[in-house]
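> What follows is a predicted structure for the sequence shown.
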Amino acid sequence: MRRVLTGLGIVFLVLVLSGLAGVGYGAWVFTRPGPMPDARVIVVARGGEGRAFASLSDAGVFPGDAWTHAIFRIAVQLTRPDGALHAAELNFPAHASMQQVLFVLRHGKPVIHRLTIPEGRSSLQIAALLNDAPALEGTVTPPAEGDVMPLTYDYEWGMARQALLGRMQHAMTRTLSRVWDGRQPDPAIPDPRTLLILASMIERETAVAQERPMVARVFLNRLHQGMRLQSDPSVVYGLNQGAGPLGHALSHADLTTPTAYNTYVISGLPPGPICSPGLASLEAAAHPAEGDMLYFVANGSGGHDFAASLGEHNRHVSAFRARQAAQPEH
């Protein structure tokens, strides 16, 4: 009987020691430095603990063997009160231990991406920027022209492109409403959409900040007097719907081609925006400069010369052409 008990005691002792050894090994694997030699940004896929382990082992954070996976699974369960694991794009330190990895998975801040929408881009160009941006999901089609507020937008890995586009459109709605509420009333601008159309033309006409209210005044004075706006950027938009530069200087044929946006042919403003204008152009349309200017022409230095009469304008045009002729050929 004693021999039986002694045998059982030995078996029990072996089991206890094996269990302790297993716990010790698990604790060692949990806390030991990992094999990843440098800090890395890793996308942890959606799908729970198994997908997280696969993402991390594929990136070299720790080995992908069955024992390591089993210990990782147990560690996740034992530390579940610390919070859920996050599927995200995260920064992991060099030689991260499993313990450190779980902390990052639960409390690490996702990597922030930024996408800048420059002022003056068309809806076609904005859709291309969105579809080319990394770490987003899905695709978008071009929004309505002028619907997007040009800004820099933050986003995280896995966000839907359509959701980010929605943020951009909401930003324009808010901004346009605020600018409209603070505008200087003008009978030529009866509603926010008209202000948006005018602002888009200002945006494409000049990149010089102090000129924007002056361009607004020229267009408004022309509208008040029933003159055609004769805006080259609107002609270009009518020819290619915002696909980008024409690739050649506007010709007489271009200027006389009848489109809804050819302001050399139509009266008044075009039927819609020609780009997404920035805040400065929206404010210029809402608060134009004072003056009787009716014309402007490029001065060859990045800006424009403004004139109240055709004679003065023609002198500016002649001066510009003379400066061009005096420049050495390349």
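Here it is on my side, so go on.
> hey, let's count contacts and neighbours off CA atoms from now on
Will do.
> Residue 113 falls within a helix, correct?
No: using DSSP: H, G, I helix; E, B strand; the rest coil, the assignment for residue 113 is strand, not a helix.
> surely it meets residue 154?
Yes: with contact defined as C-alpha atoms under 8 Å, residue 113 reaches residue 154; the gap is 5.6 Å.
> Next, please give the residue ranges for the strands of this protein.
In the chain, strands defined by DSSP state E lie at 40-43, 89-92, 112-116, 136-137, 152-156, 159-160, 295-298, 304-307, listed in chain order.
> what about the ones you listed, which gets the closest to residue 181?
Closest of these to residue 181 is strand 152-156, at 24.2 Å (criterion: C-alpha to C-alpha).
> Quick check: the nearest residue to residue 118 once chain neighbours are set aside vs residue 280, distance?
Excluding its sequence neighbours, the residue lying closest to residue 118 (C-alpha to C-alpha, 6 or more residues apart in numbering) is residue 150, at 5.4 Å. According to C-alpha to C-alpha, to the nearest Å, residue 150 stands 11 Å off from residue 280.
> In terms of packing, which of these two has more residues around it?
Taking neighbours as other C-alpha atoms under 10 Å, residue 150 and residue 280 compare with residue 150 leading, 22 against 18.
> I'd say the more buried one and residue 277 touch.
Yes: using C-alpha under 8 Å, residue 150 makes contact with residue 277 at a distance of 7.0 Å.
> what ranges of the stretch 101-250 of the chain fall below the confidence cut-off?
Along the stretch 101-250 of the chain, the model assigns pLDDT under 70 to no residue.
> closest one to residue 68 among the strands of the chain?
For the strands of the chain, distance to residue 68 was read as C-alpha to C-alpha. The smallest value, 18.0 Å, belongs to strand 89-92.
> give me the number of residues near residue 97?
Residue 97 has 22 nearby residues by other C-alpha under 10 Å.
> That one contacts residue 31, correct?
Yes: Residue 97 lies in contact with residue 31 (C-alpha under 8 Å); the separation is 5.5 Å.
> wait, what's in contact with the residue nearest the centre of the chain?
Centroid-nearest residue in the chain, with C-alpha atoms, centre = their mean: residue 115, separated by 3.0 Å. Shown here is residue 115, whose contacts under the criterion C-alpha atoms under 8 Å, 6 or more residues apart in numbering are 130, 133, 152, 153, 154, 155.
> measure it to residue 193 for me?
From residue 115 across to residue 193, the span is 26 Å (C-alpha to C-alpha).
> With residue 166 instead?
For residue 166 relative to residue 193 (C-alpha to C-alpha), the value is 19 Å.
> Which residue comes closest to residue 283 once chain neighbours are left out?
residue 179 (6.5 Å).
> what's the answer for residue 279, then?
residue 175 (7.7 Å).
> Count the residues that sit near that neighbour.
Residue 175 has 16 neighbours, counted by other C-alpha under 10 Å.
> from now on call the first residue 773
Sure, I'll start counting at 773 from here, so that last one is residue 947.
> ok, now how distant is it from residue 992?
Between residue 947 and residue 992 the distance, using C-alpha to C-alpha, works out to 22 Å.
> try residue 1024
Applying C-alpha to C-alpha, the value for residue 1024 to residue 992 is 25 Å.
> residues in contact with the residue nearest to residue 931 when sequence neighbours are not counted?
Excluding its sequence neighbours, the residue lying closest to residue 931 (C-alpha to C-alpha, 6+ apart) is residue 908, at 5.2 Å. Listed by C-alpha under 8 Å, 6+ apart, the contact partners of residue 908 are 928, 929, 930, 931, 932, 933.
> Would you check that the last one makes contact with residue 911?
Put plainly, it is residue 933. Yes: the criterion here is C-alpha under 8 Å, and residue 933 meets it with residue 911 at 6.0 Å.
> When the two are compared, which one has more neighbours?
Using other C-alpha under 10 Å, the more surrounded residue of residue 933 and residue 911 is residue 933, with 20 against 13.
> show me the contacts for that one.
By C-alpha under 8 Å, 6+ apart, the neighbours of residue 933 are 902, 903, 908, 909, 910, 911, 912.
> Could you tell me which residues touch both of residue 922 and residue 1049?
Counting by C-alpha under 8 Å, 6+ apart, the residues touching both residue 922 and residue 1049 are 891, 892.
> tally of neighbours for the residue nearest to residue 1063 when sequence neighbours are not counted?
Distances taken as C-alpha to C-alpha, 6+ apart place residue 989 nearest to residue 1063, at 7.1 Å, with adjacent residues excluded. A count of neighbours around residue 989, defined by other C-alpha under 10 Å, yields 23.
> again with residue 809
Neighbour number of residue 809 under other C-alpha under 10 Å is 12.
> pLDDT wise, what is it at?
On pLDDT, residue 809 comes in at 97.
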